[in-house]
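[1] return a 3D structure for these sequence lines:
(2 chains)
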Amino acid sequence: MSTREQKNETVSNDTVISVSPHINHSANTSNIMWSVTACLIPAGAWGVYVFGLQALYVVLVSVAAAVGGELIMARLLKRNITIGDGSAVLTGLLVGYNMPPSVPLFIPIIASLFGILVVKWTFGGLGGNWMNPALAGRVFVFFSWTGPMATWTLPKTLAADAVTGASPLGFIKAGLLGYSGGARGPAEFLAESGYPHSLFDERVTGWLQEHLFPNISNGYADLFTGNVAGSIGEVSVLFLLIGTIYLFARKIITWHVPVTYIASFGVLTWIFGGLRFGSGFFHGDVIFHLFSGGLILGAFYMATDMVTSPLTGKGMVIFGIGLGAFTFLIRFFGSFPEGVSLAILLMNIFVPLINRLTGPKRFGVSKEPEAAA
Amino acid sequence: MKPIQTFPKGGIHPPDMKHLSKDEKIVNAIIPPISKIPLSQHIGSPAECLVSPGDEVQEEMLIGKSTGFISTNIHSPVPGVVKKIEEILLPSGAASKAVVIEFQGEFNRIGKQHEKQDWNALRKEQLVQKVLEKGIVGMGGATFPSHVKYTVPRQKHAEFFVVNGVECEPYLTADYRIMLEKTEELFIGIKIAQKMLGVKKTYIGIEINKPDAIEIMTKAAGESDFDVEVVPLKMKYPQGDEKQLLKAVLGREVPSGGLPLDIGAVVSNVGTLFAVYEAVVWDKPLIERVVTVSGGAVAHPGNLKVRIGTSVEALIEECGGFSKEPEKIVMGGPMMGFALCNMETPVMKGTSGILVLSSRECGRAKETPCISCGRCIKSCPMGLNPTGLFKNIDNGEYLTADEMGLMDCKECGCCAYVCPAHIPLVQGMKWGKAMVKKAKK
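    Model prediction:
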């Protein structure tokens, strides 16, 4: 006899018989997954607004492929259909959000299928995977189709028609090779090189220069609102942060991972980020780097994935610091402009080890055995 | 004033639901025509049956005799005739013999003058003897025979006595009503316990969701002639567990596998002390207790003084029956109580509540695989890793689970309460503990 056989509830006399507790917290797996999905909608809506209908198609096929993959596996392995728990939809959505808007539609389909079939289901489906399926799918196609995966579209707030343009981080990475100009930071570099910015950004920057920071460059407001080239769901820091309010309020995510991730990345950027521009230590542009690339999407929505992050707060802090360090290393010293996806996947590998080292302290058990008196 | 204390690690905040019954005064329940008195109402060996079918019994007559140190006496709650001795299923699923008594004849106590005993004249040992004689057990739910608790072994020393007025289980208000309505009697009970244990200092832990109880008890403590102090505690389940209570009140941790006495403390709950008072001062055995009948699906929630052996069905009927479709009928609190499959199950010494829960209150949901959210670990007051334990138990790795501290688990249910995957963690722990015990034999 196993626990499983014993565990089934029996119903007699119309009342339910089961082991205590008889009341439960309102959270369940599916409402957690659907809540995260819902919180991601504003950022995606912004992506569709600035990148056009093509972006919507990318997101839709990503979700459809993920759900399809889930269905196929459930059928093949004769498991219950688990679409309702929302995890496949969430994976698909995150795959879509991590795609350039102009990507050919077969690529997100392959990314979603890779995430669901290979990364999630070969380890047993929901809860079994040790790697974030959406990011694994994204990285898989990133290395397979480097061209289309690095072709970006400028938002319609910056250019009339879907014009191809570099993402800010990509632009800097390419532009800094052999650069000998006088820009003291990434924002200044972009402005100097003629990276487009919106009218809105000019107004905000003008106001800031007048009232608060006389030396500020154009571009920060665009980065914050999402008027830059980038992946569909990652560009709008503003809408991503709005979504996190609900996640924090419902305690679906805790501060541990995002705060330590952002803090460690921010500190490293601050210390070493200025070196590329010859401005020495402690002159890195933290704000620019926090708002660019997929950092906010990654820190709040992907690194916090429960399945692939550590179990305890202590573990999450270690995880977050590791994420910050890897993201920093890849962004500043690697050959890719971005580092978030790879950093999260790398740290996913460490999660079992972190869990082993950061177990809870047991009640009534002292750490060091008391010395014999 | 000191900051309000609580235990630091783990714990949960379920809706306390005490408003349903907290303002209902304790009323005497109807004496049932048929009483069923199980001979195993306590932890330890069952009592030995002293009656046979056809026998006439008096109220308060001894019908089950204690069979060892960890066992206790059982008395007839009503006068009448023994109809039969039958095998019944206890809520926990264990089988027990039960004496079925048909009520007839006269009561010895009700409506008659009784003499107050001068307990001050009794020695420590005599008081403990009285507690055993009258069949007192821990009435918070664990039903550990109280005379064992009040017998401090020679090599140990009790320094503090802690009265458990926490009643952290949602819905239950029986102890709360006793504190409000029987304050004076309760303090005599506390004094008796203090004498049995030979301690100087007593603390009374009460959660701040019961401000009037804190007020009344503090006032009584101020007027009392012994060293007793009310400690208000922050609301957190399972603060009524003795290990958490001692951590909250004294700041000391009972070592893993140890007893409160290992840190010089003994804990008793309010209901038990009231029973001690009645046993010692009025010579009355434990034949009735205060039971909270509550839940969203019962018509008139209340606090009733119920004779042991009264069926759950009769009690619910007395409270107006079901007001809507019940999803679960629970004996005890919603966190650690037992779901009943039989409405004829009798009220026992450890029955602190009968809850009729609607499906909305239960909030059951489909079980999914573990998503490693870590909420169970965060909620565990014992610092265990419930999901890790469960996975090991599920795979038959009982001894690995044992090394991880499985035996420290007291099945408080925090982990299963917060689990978004609705994994039956407590069931796994119970199974695993049974398997570890079996393997170690």
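
[2] flag the shaky bits of chain B, pLDDT-wise.
    Residues of chain B that meet the criterion pLDDT under 70 lie in B:1-2, B:110-113.

[3] can you do 90?
    Per-residue confidence of chain B (counting by pLDDT under 90) places the weak regions at B:1-5, B:68-69, B:92-94, B:105-119, B:140-142, B:154-156, B:341-342, B:363-366, B:440-441.

[4] ranges for the helices of it?
    Listed from the start of the chain, chain B has helices (DSSP state H) covering B:124-133, B:146-149, B:174-181, B:183-197, B:211-223, B:242-250, B:270-282, B:312-318, B:359-362, B:375-379, B:386-394, B:398-403, B:414-418, B:425-440.

[5] enumerate every residue touching residue 93.
    Reading this off chain A. Counting by Cβ atoms under 8 Å, 6 or more residues apart in numbering or on different chains, A:Leu93 touches A:Thr37, A:Leu40, A:Gly44, A:Val59, A:Ser62, A:Val63, A:Gly233. Where C-beta positions appear, they are placed from N, C-alpha and C, glycine not excepted.

[6] which one of these is nearest B:Leu50?
    Among the contacts of A:Leu93, A:Thr37 lies closest to B:Leu50 (Cβ to Cβ), at 65.8 Å.

[7] so how far is chain B from that closest one?
    Spatial separation of A:Thr37 from chain B under the definition Cβ to the nearest Cβ, to the nearest Å is 15 Å.

[8] quick check: nearest residue in space to that residue, chain neighbours excluded?
    A:Leu90 (5.0 Å; Cβ to Cβ, 6 or more residues apart in numbering or on different chains).

[9] just checking, the one you found touches A:Ser35?
    No: in this structure, A:Leu90 is not within contact of A:Ser35 by Cβ atoms under 8 Å, at 9.8 Å.

[10] compare neighbour counts for those two and give me the winner.
    Summary of the neighbour comparison: A:Leu90 and A:Ser35, criterion other Cβ atoms under 10 Å in any protein chain shown, with A:Leu90 having more neighbours (23 against 19).

[11] I'd like the next helix or strand past the host helix or strand of that one.
    Of the helices and strands defined by DSSP states H and E, A:Leu90 is found in helix A:87-97. Downstream of helix A:87-97, the first helix or strand assigned by DSSP H and E is helix A:106-113.

[12] name the surrounding residues that touch that following helix.
    Around helix A:106-113, the neighbours that count as contacts under Cβ under 8 Å, 6+ apart are A:58, A:61-63, A:65-66, A:68-69, A:91-92, A:95-96, A:98-99, A:137-138, A:140-141, A:144-145, A:148-149.

[13] mind checking which of those are in helices?
    Secondary structure from DSSP H places A:58, A:61-63, A:65-66, A:68-69, A:91-92, A:95-96, A:137-138, A:140-141, A:144, A:148-149 of these in helices.

[14] can I have the buried ones of those as a ChimeraX selection?
    Those of those that count as buried under 16 or more other Cβ atoms under 10 Å in any protein chain shown are selected in ChimeraX with:
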select /A:58,61,62,63,65,66,68,69,91,92,95,96,137,138,140,141,148,149
